[in-house]
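[1] with the input below, show me the fold.
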Amino acid sequence: MWSADARPSRHLRVALLGDRLVCSLGGAAAHGAVWPPAAGDEPAWRSAVAALAEQLAQQRGQVRRVSVVLGASFVRWQLVDWPSQAGSDTELQAFLRLRFRSVYGAASAAWRLAHAVASPGQALPACAVDEALPAALSQAAKAAGARLVSVRPYASSALDHWRGQWRGRAAWVAVVEPGHLTLALLDERGRWLGLGSVHCAEGPAWRDALAGLQSRLALQSTAPVPREAPLFVVGPGVDTTAGDPHWRALVPTGRAAPHGLARLPIGI
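    Okay, here's the model as predicted:
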């Protein structure tokens, strides 16, 4: 969850997706903007940062703190078997960098890596973003007289928010964003058995992508996948009106609960 802000009206919460920005200032109703594709060989995130800079310029003097969640189009995930030879955080970082390089090639040398709290002997989820992206976000905030206080993947924010729903049992958890599906498989102790992300068309297409991704993660898992593991689905791309007995949609409740794309700025 986001940390408390003594002046919530000055805290801008932002979600950056593949082609759109959604933001909320001080808990107000979320609004967004769509940006054009990046030109030439420019990284896709440059258009996203430009859209954020324009949004901040429109609200100059109103914003003091900026929190950002990054959609799956800006984040690469890996679930790494515990490296027994890594005796320090430096060695762990080096191991993770080698793992990303083996999958993504030399381009990964320009990425910033982060990982969940390490539990020796257990698989470790790790993610990477372009090294220049957090710096560009920070500069955009600074140029508007604000301070960047948090950058997190949308998927990890959603998983952290809802983890109490499946605590104590094995579960599949699907995070559905417009254009992307991220899927996690956890056992009854909360240990990671699978993690993956795929592109998919917006709308109900994520359901077709889900079956293939579940099969792939089940095959890659080093432990048997419990047959009774339920599927939880979270995210603004979920059609909660469709109803499906095979999965449970997790939707914020209460009078002040955000809905649809409005949930993106707070990572749920």
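[2] low-confidence stretches in this protein?
    Confidence mapping of the chain against pLDDT under 70 gives the ranges 1-9, 29, 239-243, 255-256.
[3] now the helices for it?
    In the chain, the segments counted as helices under DSSP state H are 45-58, 89-104, 132-143, 154-162, 205-220.
[4] how close does residue 221 get to residue 94?
    Using Cβ to Cβ, to the nearest Å, residue 221 is found at 26 Å from residue 94. No exception for glycine: its C-beta is placed from N, CA and C like everyone else's.
[5] of those two, which one has the most company?
    Neighbours around residue 221 and residue 94, counted as other Cβ atoms under 10 Å, are more numerous at residue 221. The numbers are 16 against 13.
[6] now, of the helices of the chain, which is deepest in the fold?
    With neighbours defined as mean count of other Cβ atoms under 10 Å, the helices of the chain peak in mean count at helix 154-162, which reaches a mean of 22.
[7] show me how far it is from its chain's centre.
    Centroid displacement of helix 154-162 relative to its chain, using Cα atoms, centre = their mean, to the nearest Å, is 7 Å.
[8] same thing with stretch 31-47?
    If you compare the mean C-alpha spot of stretch 31-47 with that of the full chain, they lie 18 Å apart, counting by Cα atoms, centre = their mean.
[9] and it, what's buried?
    Within stretch 31-47, the residues that qualify as buried are 32, 35, 45, 46, 47, counting by 16 or more other Cβ atoms under 10 Å.
[10] now swap in stretch 164-171 and tell me
    By neighbour count, with 16+ other Cβ under 10 Å as the criterion, the buried positions of stretch 164-171 are 166, 170, 171.
[11] so who does the second one touch?
    If I follow you right, that is residue 170. 185, 186, 187, 188, 193, 225, 226, 228, 229 (Cβ atoms under 8 Å, 6 or more residues apart in numbering).
[12] these in strands, which ones?
    Among those, the residues falling in strands (DSSP state E) are 185, 186, 193.
[13] quick one: which of these is nearest residue 10?
    Distance to residue 10 across these (Cβ to Cβ) is lowest for residue 186, with 36.7 Å.
[14] neighbours of the residue lying closest to residue 121 once chain neighbours are set aside, just the number please.
    Across the structure, with Cβ to Cβ, 6 or more residues apart in numbering as the measure, the residue nearest residue 121 apart from its sequence neighbours is residue 82 (5.3 Å). Here the neighbour count serves as a burial measure; for residue 82 (other Cβ under 10 Å) it reads 15.
[15] so residue 82 is in contact with residue 126, correct?
    No: contact status for residue 82 versus residue 126: not in contact, 11.6 Å apart, counting by Cβ atoms under 8 Å.
[16] nearest spatial neighbour of residue 209, chain-adjacent residues omitted?
    residue 200 (4.0 Å).
[17] isn't the one you found up against residue 211?
    No: taking Cβ under 8 Å as the definition, residue 200 is not a contact partner of residue 211, at 11.4 Å.
[18] tell me the contacts of the closest residue to residue 250 other than its chain neighbours?
    Excluding the flanking residues, the one nearest residue 250 by Cβ to Cβ, 6+ apart is residue 234, at 4.4 Å. Residues in contact with residue 234, defined by Cβ under 8 Å, 6+ apart, are 158, 162, 173, 174, 175, 176, 249, 250, 251, 268.
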